[in-house]
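A.B. asks: Make a model of this:
(chains A, B and C)
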Amino acid sequence: MKLKFIPIDYDYFDFQGRNYAKLVGRDDKGKRVCVIDSCDVYLWAILKKGLNQKVVDKLISKIQKIKLNLKGRKTKVEKVELHDKNFLGKKVKALKVFATNYKDLHDIASKLDLKEIEKRRGYDLGYTTHYIIEKKINPLQWYEIEGDMLNNSQEFGGIDMALDVDLCIKLKSSKKVEGNFKPKILAYDIETDSLKIGEGEILMVSLVGENFKKVITWKKSKNKPQYTEFVEDEAELLKKFCEQVKKFSPDFLVGYFSDGFDLPYLKARAEKLKVKLELGIDGSQPKFSRGTLLTGKINGIVHIDILRFIRTAYAQYMKSETLSLNEVAKEFLGDTKKDFKIEHSSDIGENWEDYYKYNLHDSVLVVKLFEKFWPDLLEFTKVVQEPIFDVSRYGLSKQVESYIIHNLKRFNEIPEKRPTYDEISERRHSGGVEGAFVFEPKPGLYEKIAMFDFTSMHTSIIITHNISKGTLLEKKSKNSFASPEVELKGKKQKFYFSKEKGFFPELLNEIFEMRKKFKAEFKKNPNPITKARSNAFKVLSASVHGYIGFFGARYYSIESSASILAFVRKFNIETIEKIKKAGYEVIYGDTDSIAFLMNGKSEKEIKELLDKLNSELPGIMHLELEDFFKRGLWVTTRAGITGAKKKYALLDKENNLKIRGFETVRRDWCKLSRKLQNKIIKQILEDGNEKKALEDVKKIIKKLKERKIEKEDLIIKTQLKKPISEYIAQGPHVIAAKKMQEQEIPVSQGGLIEYYIAETSGKKKLVREKVKLPHEKGEYNIEYYLEHQILPAVENIFQVFGINIKEVIDGKKQENLGKWFK
DNA sequence: GTTGACGTCTTACC
DNA sequence: ACGGGTAAGACGTCAAC
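C.D. replies: Reported below is the predicted structural model:
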């Protein structure tokens, strides 16, 4: 039979010693379809150079006789073929060694440790990746497929009967076709009375999909809202949850932090209450993979934890300080969680209806977030070509690597292997490479500033100079790109890269083109989503350099990484020199940007300078105008004399502020100093002087001393980056975390710790001795907030105007001492 | 007891 | 373990005075 099919979830199983791919997706009528297929499994044995035909023939027949008896499974090499291939861009002769079962490839590879064989590759990709590469049946892409319907068939052990699908097909052929796809999604969220997994009870669970809203709960209110479904107890809640998911039959079950909370919680409670959480289409329970992060998988339904995708693809470009559902929803949806304080269930009293609403609304937000990010998830999945389950969770290096792995066939390339444990360890201990150049600014308030920056600098350098592991030459050569001199492992040297196009820079060029496309889309139609997408591809494109220097990468090359950074320094410094020569005063620059004073010249003249600079740049390297600014402020470091790097504020022609590095953008400073600093920076940049700003500071200090500052503005938030026990230095946030632990307030690694500094009796000197948690009673420590929060945030700014703010304040203090301290 | 150098830790910039 | 290096700056620790 023939039908249209879109694969969504990928899995595989063994039957009679062979592997079969199990693809779950939809047909064009929305029916759930399972497709069973298989592919050749093989590895590559790269031959040593110069073997004669006789030796090769002998080797082939020797390999063909390999038989293995492993873990009760007898397998053998099925066949061997000789191919002309490329490995790292070089022509090689390689044997394609076919196996019966994918799991045997490792063992076969270890049998191939022979003198005629140089390297063994392609046995460490994972079956699903291997299958997608072989059969080109890519995730979230429509196919016209032809195959045999399995209906009450005994084939594959009666798989069609065991699966909850509308159609089960054994694939014969497939053809890619165009089509749209609207995913069927169901969001879920649980509410519990303890945040520790398995310890508390699940009070309610909400489910939201298209035209579907439900809260299942055993905490019954007097009036039963329409969307609720009351059950007798928690065990019944779990059963009902599974039943409703099954009935809705979503493609995606979506949560927020659900890998780390909702799904493992559900599973833990199900185990405790001896309820089977049969969510999978094969009736299986969710499975969790071990690792640093928990990952919850449901057979046939793609479990998406939308937080994980947001974290890798967008977090670095978001304004939100935390990735809480509340903040993220606010930034992308303009919507927030329902205002409802979760107390212990016993404190709720009759207020269950508000709790239901809150619970339901969280799922509504998750649906909306998923819908907002769906185009991006789709785009990423199509580019990276791995199942969306994985793509939505991958870190940046894995995204880059998968994109490469799935495109090697076009270049007839054999994939490089993953580094071994020893290789990783060696890479990690080989020491770093010198990074980018940062121009030391001269502190001051400047007028009329232009800023240039290089477009995707690292990426364009890699593409232009053909830099990669495969194109790196062993020695100096005429027809090559030479890197500037770099110091690597204590040796000053240059590296040379072939001018013959390498597959790696070529592939990067494709990502780079996509980045340009989405950036243009954002400029044409600016909104949070086009911006996010543009940034997502910026991240992917910019990550390639990081990938090359990442110790876990297949295509790791420290020589390439060092060369790229040497080029980055060279082009930035050279361009600074050229701008100076053209008669401008350069005031700042970091990595790929340069800011300089316009010096009375017109915007037109500066654009001409830009054109001239561009005409002198090689390859696809490009310098662009970031913007013209009315005013800009640079300050000194705390130490005093030198200009602080990575810290400045600019005001553009539309009076938009661009603040970098100042305390006002740092979440580990209290709101009071952040708000004040932001205000005075704005004031100074708008006025061109410090007069009004100084008054603002005086006002706030007066308020502080009169204890009129809200406690909320004094809370300091710091992330707990590791388990409490691992801290050597007992900083204030570590002490606050310990207090939380004592008071049985859940505190987790990665969580934000909030505290304030209070007045204490006795001679306590250390800050950590004055730490109090927000709910703890106490008066804020005036001296601390003045000396350690307000003054440090403003003093270098006034220093630019020759004002010593401390003296100004101290003078004031003497005058009004009696008034402030009675 | 104070001071300063240095290490630890977090966060931001690009 | 799950992109990179550069940099600021707070706070704790410890030795020297």
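A.B. asks: now the residue of the stretch 651-800 of chain A found nearest DNA strand C, what's its secondary structure?
C.D. replies: Nearest residue of the stretch 651-800 of chain A to DNA strand C, counting by CB to the nearest atom of the strand: A:Arg768, 3.2 Å away. Where you see a C-beta, it was placed from the backbone N, CA and C, and this is true even at glycine. The three-state assignment at A:Arg768 reads helix, by DSSP: H, G, I helix; E, B strand; the rest coil.
A.B. asks: Which pLDDT value goes with the residue nearest to it when sequence neighbours are not counted?
C.D. replies: Spatial nearest neighbour of A:Arg768, chain neighbours left out: A:Ile735 (4.4 Å); criterion: CB to CB, 6 or more residues apart in numbering. Per-residue pLDDT puts A:Ile735 at 90.
A.B. asks: try A:His344
C.D. replies: 50.
A.B. asks: and what of A:Arg290?
C.D. replies: So, for A:Arg290, pLDDT stands at 76.
A.B. asks: swap in A:Pro528?
C.D. replies: 65.
A.B. asks: ditto for the one 5 residues further on
C.D. replies: A:Arg533 is assigned a predicted lDDT (pLDDT) of 72.
A.B. asks: Following element in sequence after the helix or strand hosting it, please.
C.D. replies: Assessed by DSSP states H and E, A:Arg533 sits inside helix A:528-548. Moving toward the C-terminus from helix A:528-548, the next helix or strand (DSSP H and E) is helix A:558-581.
A.B. asks: what angle sits between whichever helix or strand comes after that following helix and helix A:558-581?
C.D. replies: As assigned by DSSP H and E, the chain's next helix or strand after helix A:558-581 is strand A:586-590. Between strand A:586-590 and helix A:558-581, the angle comes out at 160 degrees (axes from the mean of the first three to the mean of the last three CA atoms, to 10 degrees).
A.B. asks: Strand A:586-590 pairs with which strands, parallel or anti?
C.D. replies: Paired strands of strand A:586-590, with direction, are strand A:438-439 (antiparallel), strand A:593-597 (antiparallel) (DSSP bridges).
A.B. asks: how about the helices in the stretch 251-400 of chain A?
C.D. replies: For the stretch 251-400 of chain A, the helices defined by DSSP state H, counting those that start in this stretch cover A:262-272, A:306-313, A:325-333, A:352-384, A:388-391, A:396-405.
A.B. asks: Put together CSV for the ones you listed, with distance to DNA strand B, mean pLDDT and mean neighbour count on each row.
C.D. replies: What follows is the helices of the stretch 251-400 of chain A, written out as CSV (distance: least, CB to the nearest atom of the strand, whole Å; pLDDT from 0 to 100; neighbours: other CB atoms under 10 Å):
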stretch, distance to DNA strand B, mean pLDDT, mean neighbour count
helix A:262-272, 25, 96, 21
helix A:306-313, 13, 91, 22
helix A:325-333, 13, 88, 18
helix A:352-384, 20, 92, 20
helix A:388-391, 22, 96, 23
helix A:396-405, 12, 93, 22
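A.B. asks: Out of these, flag the one nearest DNA strand C.
C.D. replies: Nearest to DNA strand C among those is helix A:396-405 (3.8 Å), distances taken as CB to the nearest atom of the strand.
A.B. asks: Other residues contacting the next helix or strand after the closest one?
C.D. replies: Toward the C-terminus, helix A:396-405 is succeeded by helix A:421-429 as the next helix or strand (DSSP H and E). Outside of helix A:421-429, the residues within contact range by CB atoms under 8 Å, 6 or more residues apart in numbering are A:Pro419, A:Phe551, A:Gly552, A:Tyr556, A:Ile558.
A.B. asks: which of those tops the neighbour count?
C.D. replies: Counting neighbours by other CB atoms under 10 Å, the top entry in the contacts of helix A:421-429 is A:Tyr556, with 20 neighbours.
A.B. asks: so who does that one touch?
C.D. replies: Per CB under 8 Å, 6+ apart, neighbours of A:Tyr556: A:Pro419, A:Arg427, A:Lys469, A:Ile548, A:Gly549, A:Phe550.
A.B. asks: Among those, which one has the most neighbours?
C.D. replies: Result: A:Ile548 is most packed of those (other CB under 10 Å), 27 neighbours.
A.B. asks: A:Ser563 is in contact with that one, correct?
C.D. replies: No: using CB atoms under 8 Å, A:Ile548 is not in contact with A:Ser563, being 9.8 Å away.
A.B. asks: Any stretches of chain A with poor pLDDT?
C.D. replies: For chain A, applying pLDDT under 70 flags the ranges A:338-350, A:528-529, A:532, A:811-822.
A.B. asks: of all the helices of the stretch 251-400 of chain A, which lies closest to A:Lys708?
C.D. replies: helix A:325-333 (27.9 Å; CB to CB).
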